[in-house]
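**Student:** Sequence and computational prediction follow.
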Amino acid sequence: MYSYDQYDTQLVNERVAQFRDQVQRRLDGRLSEEEFRPLRLLNGLYLQLHAYMLRVAVPYGTLSSAQLRMLAQIARRYDRGYGHFTTRQNIQYNWTKLEDAPDILADLASVEMHAIQTSGNTIRNTTSDPYAGVAAEELEDPRVYCEIIRQWSTLHPEFTFLPRKFKIAVTASPNDRAAVKVHDIGIAIRKNAEGETGFEILVGGGLGRTPMVGKTIRDFLPKEHLLSYLEAILRVYNLNGRRDNKYKARIKILVHDLGTDAFREQVDAEWENLRGKGPELPPAEMERIRAFFAPPEYEKPGSNHQDYIEKLRTNAGFAEWVRANVVEHKQNGYAIVNISLKPEGGIPGDATAVQMDSVADLAEKYSMAEIRVTHQQNLVLPNVRQADLFVMWEELRNQGLATNNIGLISDIIACPGLDYCGLATARSIPVAQRISTRFADLKRQHDLGELQLKISGCINACGHHHVGHIGILGVDRNNEEYYQITLGGRADENAAIGKIIGRAFSSDDVVDAVETVVNTYVDQRQDDERFIDTYERIGPKPFKEALYDAA
Amino acid sequence: MTLLKGGTPIEDSWVHLDDETAAPAGAAITVSFARWQAESEALKASGVTLGVRLTGDDAAEEITDDLNALQLVVIAFPAFTDGRGYSIARILRERYGYEGEVRATGNILRDQASLMTRCGFDAFDLAAHTDVADWLEGLKDITLEYQPAADRRRSVPQIRHA
């Protein structure tokens, strides 16, 4: 993974000192809250319902064991002993104090981390495939370009006061695990006819109140032009994005209003002036960054590999966990291990300091001291020898971290909702917990197969309900929480926005409604069809009838 | 108001005309973008020293043919959250090589000073209550940058591979 040099370190330290001064000026009244707000947001500090929330950037979801231990220490020292991993591969602490924020940032800087631009109308943390660098089917490690974008976007002088927030995701795999089609800019690494790799550039995807799937504006961008092309897109957006209405200020509205072709023409005109100039990196710098992501030395599968095969055959619990949580690695003899942060009845994405320390230790022991955060709010150990899987599984079980539900109905994405968030109109977490409990039977979950259920507590859609196979949106109706169900959304390479199935359900009824939807799928599915395949084949009608006709 | 240029408070010697008043002889004047569009030929012929005032709504490209005639471009920030002026300044400086004064006016904050400087602003109309010494301190907060910009300072990638 990337490691700071003296310049990265100096810049982050200067940023900590700058924020310490800004907090001091706020505390002694020299800065008004109105003036301070954008400054604290640029450092990831939100004022929520009950406390300040600090969102820490986990660049493209990659962490070292030392970094994860620091995240645990921060949870213990400055929060209530836990943190919450987010859909953008970050972590947030929900109970921090303003006066502690500079010290937290200093602690983060000591392990080469920061909270820069985790909020505000600026370029946010660039996200990526949690299996980057180890996925069997990927073209190359996308994190090289994520790190290039991280540095370019950090404290970019021109793009710190954009019309609205701006999110970039990069994938290098035909199976999109980074949701690039629902980002402001999605970057997909592709191979052209000559066998060179370059970038397909999508713009204007996003969720929120106007969900849209991104449009491709360039099929193949040569790698050396990445930053000049991004700068051109951002400049067109900065100058022309709407600033009169924050709900129409995202780039997706600009792209939609102009039309994809006209938008592309504007970008190309701007790009003509930037191409081959300023922001583009010298080849030596690209190579310097690439070297940090060189594959590690893998061992050949040893004789103990047979023990793994044997354990798979004889231990049903282990085999179930492997089937659900372990993914094929590009290297023979290794595995990618998902650690579910969705235990039965738990809060999706929450991890205690003890659990973070345990995962950091396990990563050190079994995964080359590297951890990933997924946009599904789980963790991944990317480099585990198959021969170590059994003993690691036993250790995970001891920590309550062996829930084998990855990709299943209880692997729920949920926003913090009204339990924490000032924007929310309804609670998300208790609904997630009740669904998780209702479907606690893992045998049943495995029978249901891949099923992505996503819950948002308001129309801003932080819980990605629009792209859930089953999406749930909490709304307020005369001070009562109601939940609208959408079906058929997906965030993968065939991204689609789900459709509202009918009138909303009360909090009491919503879990039953989910069960009705799931039972309808079971009745209708053919062979081993997944939920989303059945839905796409039969459409909403049978689900609608099952939900509303009986009543 | 305090006008800060090159880090020093100075008197504003410019007359900022509305769209009706005639240009006083021998003065240095600024006019709105709208007036510039209507009267640029006459103004250029009048022999006065000229500047133009832009807002984020104005298309900076439309003054670029006249940049040789302009000693000052004032860019207004109606709100400190309105970041269009940063792009306009960079376009003037970097694409068109404009070397006259680029002045920020309106709702600008101390913590934006270094970003604006990097985008090519060299003069700032500060609100009356602004502490000038404190503003200048703000320029020193961050001494490194990853991106090349209008201030032509060497970026971190350039330093790394010098």
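**Tutor:** Nice, I can see it.
**Student:** Quick one: the strands in chain B, in order.
**Tutor:** B:2-5, B:8-10, B:15-16, B:28-32, B:49-54, B:70-77, B:101-106, B:123-126 (DSSP state E).
**Student:** do you know which of the ones you listed lies nearest chain A?
**Tutor:** strand B:70-77 (9.0 Å; Cβ to the nearest Cβ). All C-beta spots, glycine's among them, are computed from the backbone N, C-alpha and C.
**Student:** State the number of residues packed around residue B:146.
**Tutor:** The tally of other residues near residue B:146 (other Cβ atoms under 10 Å in any protein chain shown) stands at 21.
**Student:** and it, what does it touch?
**Tutor:** A:11, A:151-152, A:154-156, B:155-157 (Cβ atoms under 8 Å, 6 or more residues apart in numbering or on different chains).
**Student:** any chance of these in TSV, with neighbour count too?
**Tutor:** Shown next, in TSV, are the contacts of residue B:146 (neighbours: other Cβ atoms under 10 Å in any protein chain shown):
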residue	neighbour count
A:11	23
A:151	25
A:152	22
A:154	22
A:155	23
A:156	24
B:155	21
B:156	21
B:157	25
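**Student:** List the buried residues for stretch A:440-456?
**Tutor:** For stretch A:440-456, burial by neighbour count (16 or more other Cβ atoms under 10 Å in any protein chain shown) applies to A:442, A:445, A:448-449, A:451-456.
**Student:** Let's see which of those residues end up in strands.
**Tutor:** Mapping these onto strands (DSSP E) picks out A:453-456.
**Student:** now residue A:222: how far from residue A:270?
**Tutor:** 17 Å (Cβ to Cβ, to the nearest Å).
**Student:** And for residue A:442?
**Tutor:** 53 Å.
**Student:** for chain A, which helix is longest?
**Tutor:** Of all segments of type helix in chain A, defined using DSSP state H, the longest is helix A:6-27.
**Student:** could you point out which element follows it?
**Tutor:** Sequence order places helix A:33-41 as the next helix or strand after helix A:6-27, per DSSP states H and E.
**Student:** in that next one, what counts as buried?
**Tutor:** Those would be A:35-41, for helix A:33-41 by 16+ other Cβ under 10 Å.
**Student:** Send over the longest helix of chain A as CSV, restricted to the C-alpha atoms.
**Tutor:** Extracted C-alpha coordinates of helix A:6-27, given in CSV (Å, rounded to 0.1, in the frame of the first residue of the first chain):
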residue,chain,number,x,y,z
GLN,A,6,8.3,13.7,3.7
TYR,A,7,6.0,15.9,1.6
ASP,A,8,2.8,14.0,2.3
THR,A,9,3.7,14.0,6.0
GLN,A,10,4.4,17.7,6.1
LEU,A,11,1.2,18.6,4.2
VAL,A,12,-1.0,16.6,6.5
ASN,A,13,0.8,18.0,9.6
GLU,A,14,0.3,21.5,8.3
ARG,A,15,-3.3,20.8,7.8
VAL,A,16,-3.7,19.6,11.4
ALA,A,17,-2.0,22.7,12.7
GLN,A,18,-4.3,24.8,10.4
PHE,A,19,-7.4,23.1,11.8
ARG,A,20,-6.2,23.4,15.3
ASP,A,21,-6.0,27.2,14.8
GLN,A,22,-9.4,27.3,13.1
VAL,A,23,-11.0,25.4,16.1
GLN,A,24,-9.3,27.8,18.5
ARG,A,25,-10.6,30.8,16.6
ARG,A,26,-14.1,29.2,16.7
LEU,A,27,-13.9,28.5,20.4
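**Student:** Average pLDDT for that helix, rounded please.
**Tutor:** Mean per-residue pLDDT for helix A:6-27: 96.
**Student:** what comes up buried for that helix?
**Tutor:** A:7-8, A:11-12, A:14-16, A:18-19, A:22-23, A:25-26.
**Student:** Between all of those, which two are separated the most?
**Tutor:** Farthest-apart pair in those is A:7 and A:26; separation 28.7 Å (Cβ to Cβ).
**Student:** Next up, the contacts around the residue of chain B found nearest chain A.
**Tutor:** Chain A sits closest to residue B:83 of chain B, with a gap of 2.9 Å, by Cβ to the nearest Cβ. By Cβ under 8 Å, 6+ apart, residue B:83 lies in contact with A:121, A:158-163, A:238.
**Student:** ok, how many other residues are close to the closest residue to chain B within the stretch 401-550 of chain A?
**Tutor:** Residue nearest to chain B within the stretch 401-550 of chain A (Cβ to the nearest Cβ): residue A:423, separated by 18.2 Å. Neighbour count for residue A:423, taken as other Cβ under 10 Å: 15.
**Student:** quick one: the longest helix of chain A to chain centroid distance?
**Tutor:** Taking Cα atoms, centre = their mean, to the nearest Å, the mean C-alpha location of helix A:6-27 is offset from the chain mean by 27 Å.
**Student:** Please apply the same query to stretch B:151-159.
**Tutor:** Going by Cα atoms, centre = their mean, where stretch B:151-159 is centred and where its chain is centred differ by 22 Å.
**Student:** hmm, that stretch touching chain A?
**Tutor:** Yes - applying Cβ under 8 Å from any Cβ of the partner chain, one finds stretch B:151-159 touching chain A at B:156-159.
**Student:** Including pLDDT, could those go into JSON lines?
**Tutor:** Below are the residues of stretch B:151-159 next to chain A laid out as JSON lines (pLDDT from 0 to 100):
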{"residue": "B:156", "pLDDT": "96"}
{"residue": "B:157", "pLDDT": "95"}
{"residue": "B:158", "pLDDT": "94"}
{"residue": "B:159", "pLDDT": "95"}
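**Student:** Can you tell me which of these is nearest residue A:281?
**Tutor:** Set against residue A:281, the nearest of the residues of stretch B:151-159 next to chain A by Cβ to Cβ is residue B:157 (5.5 Å).
**Student:** By mean pLDDT, flag the weakest helix or strand of chain B.
**Tutor:** Every helix and strand of chain B was ranked by mean pLDDT, DSSP states H and E. The lowest is helix B:132-138, at a mean of 90.
**Student:** for that one, which positions count as buried?
**Tutor:** Result for helix B:132-138 [16+ other Cβ under 10 Å]: buried residues B:135, B:138.
**Student:** which residues sit against that helix?
**Tutor:** Contacts for helix B:132-138 (Cβ under 8 Å, 6+ apart): B:2, B:4, B:7, B:9, B:110-111, B:113-114, B:124, B:126.
**Student:** Select only the buried ones of these in ChimeraX?
**Tutor:** Typed into ChimeraX, the line below selects the buried ones among the contacts of helix B:132-138, using 16+ other Cβ under 10 Å:
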select /B:2,4,110,111,113,114,124,126
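**Student:** Could you find which two of the contacts of helix B:132-138 are furthest from each other?
**Tutor:** Top of the distance list for the contacts of helix B:132-138 (Cβ to Cβ): B:9 and B:111, 19.3 Å.
**Student:** related to what we said a few turns ago, which ones, among the buried residues of helix A:6-27, also lie beside chain B?
**Tutor:** Restricting the buried residues of helix A:6-27 to those near chain B by Cβ under 8 Å from any Cβ leaves A:7-8, A:11, A:14-15, A:18, A:22.
**Student:** circling back to that earlier point, contacting residues for the residue of the stretch 401-550 of chain A closest to chain B?
**Tutor:** Here residue A:423 is in contact with A:458, A:460 (Cβ under 8 Å, 6+ apart).
**Student:** what about the stretch 301-450 of chain A, any weak spots by pLDDT?
**Tutor:** A:303-304 (pLDDT under 70).
**Student:** which residue ranges form the helices in it?
**Tutor:** A:305-314, A:316-325, A:353-366, A:389-398, A:429-438, A:442-448 (DSSP state H, counting those that start in this stretch).
**Student:** The longest one - contacts with which helices or strands?
**Tutor:** Counting by 3 or more Cβ pairs under 8 Å, 6 or more residues apart in numbering or on different chains; DSSP states H and E, the packing neighbours recorded for helix A:353-366 are helix A:65-78, strand A:82-85, strand A:370-373, strand A:379-385, helix A:389-398.
**Student:** Could I get the buried residue list for it?
**Tutor:** A:353, A:355-366.
**Student:** Is it possible to get JSON lines of those that adds distance to residue A:248?
**Tutor:** Below are the buried residues of helix A:353-366 laid out as JSON lines (distance: Cβ to Cβ, whole Å):
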{"residue": "A:353", "distance to residue A:248": "41"}
{"residue": "A:355", "distance to residue A:248": "41"}
{"residue": "A:356", "distance to residue A:248": "39"}
{"residue": "A:357", "distance to residue A:248": "45"}
{"residue": "A:358", "distance to residue A:248": "45"}
{"residue": "A:359", "distance to residue A:248": "41"}
{"residue": "A:360", "distance to residue A:248": "43"}
{"residue": "A:361", "distance to residue A:248": "48"}
{"residue": "A:362", "distance to residue A:248": "46"}
{"residue": "A:363", "distance to residue A:248": "43"}
{"residue": "A:364", "distance to residue A:248": "48"}
{"residue": "A:365", "distance to residue A:248": "50"}
{"residue": "A:366", "distance to residue A:248": "48"}
